[in-house]
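Participant: Provided below are the primary sequence and the corresponding predicted coordinates.
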Amino acid sequence: MKKLIIAVAIVASAFVQNSFAQTTGAQSLNNVLSAYINLKNALAIDKGDSARASAKILFNTIAKVPMDKLTAEQHKIWMQYADQLSYHAEHIKGTNELEHQREHFVTLSGLMYKAMKELNINTNVLYYQYCPMANDGKGAYWVSEDSKIRNPYMGKKMPSCGSTKDSIQVKN
């Protein structure tokens, strides 16, 4: 009987540790998403200094993702995007100039959308939004936590320019 209790305790302990590792990994990825959202919101109100600070947090949060706490699938997906996300966050954190920040935010946003869509770890619905006027008329996308348009490319000039093109639903 003691052996059975010990065996059950060992199996339960391994299950709890594995669940905690997955939760910790998913939470760290959600922290990256939160930092990105803060950056997007700073750009939407034309705050280059706040965008710079948010990008610094994003850059550091990307660097702190505990690779050993991700599932094998999450690790594989994250490795496809981490370096590029970090690269663009680094450029944004290096300047207060809104236009330069926004240039890098175009690529950062596309990468963030792809990563979040593949990872499917978000705890709230995410919206993939598009403004045809952004990026010198070439158009640009961004990920938002809200269905209401708050354009990070046009800022106060055209805060509601854009529409939702896709959404990432919460994983069941």
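Facilitator: Thanks, I have it.
Participant: now the spatially most central residue of the chain, what's its secondary structure?
Facilitator: Nearest to the mean C-alpha position of the chain, by Cα atoms, centre = their mean, lies residue 33 at 2.6 Å. Here residue 33 is recorded as helix under DSSP: H, G, I helix; E, B strand; the rest coil.
Participant: what does residue 141 give?
Facilitator: Secondary structure for residue 141, judged by three-state DSSP, is strand.
Participant: just to check, it is in contact with residue 126?
Facilitator: No: in this structure, residue 141 is not within contact of residue 126 by Cβ atoms under 8 Å, at 11.9 Å. The way it works is simple: take the backbone N, C-alpha and C, and place the C-beta from them, glycine included.
Participant: count the neighbours of residue 110 for me.
Facilitator: Residue 110 has 17 neighbours, counted by other Cβ atoms under 10 Å.
Participant: doesn't it lie inside a strand?
Facilitator: No: using three-state DSSP, the secondary structure at residue 110 is helix, not a strand.
Participant: any idea how far it is from residue 80?
Facilitator: The gap separating residue 110 from residue 80 is 13 Å, by Cβ to Cβ, to the nearest Å.
Participant: likewise for residue 142?
Facilitator: From residue 142 to residue 80 the distance is 20 Å (Cβ to Cβ).
Participant: ok, these two, which is more surrounded?
Facilitator: Counting neighbours by other Cβ under 10 Å for residue 142 and for residue 80 shows that residue 142 has the greater number, 29 against 12.
Participant: ok, now which ones touch the closest residue to that one other than its chain neighbours?
Facilitator: Nearest non-adjacent residue to residue 142, counting by Cβ to Cβ, 6 or more residues apart in numbering: residue 109, 4.3 Å away. Contacts of residue 109 were listed using Cβ atoms under 8 Å, 6 or more residues apart in numbering, and they are 40, 140, 141, 142, 143.
Participant: can you rerun that using 10 Å?
Facilitator: Shown in contact with residue 109 (Cβ atoms under 10 Å, 6 or more residues apart in numbering): 36, 39-40, 88, 102, 128-129, 140-144, 152-153.
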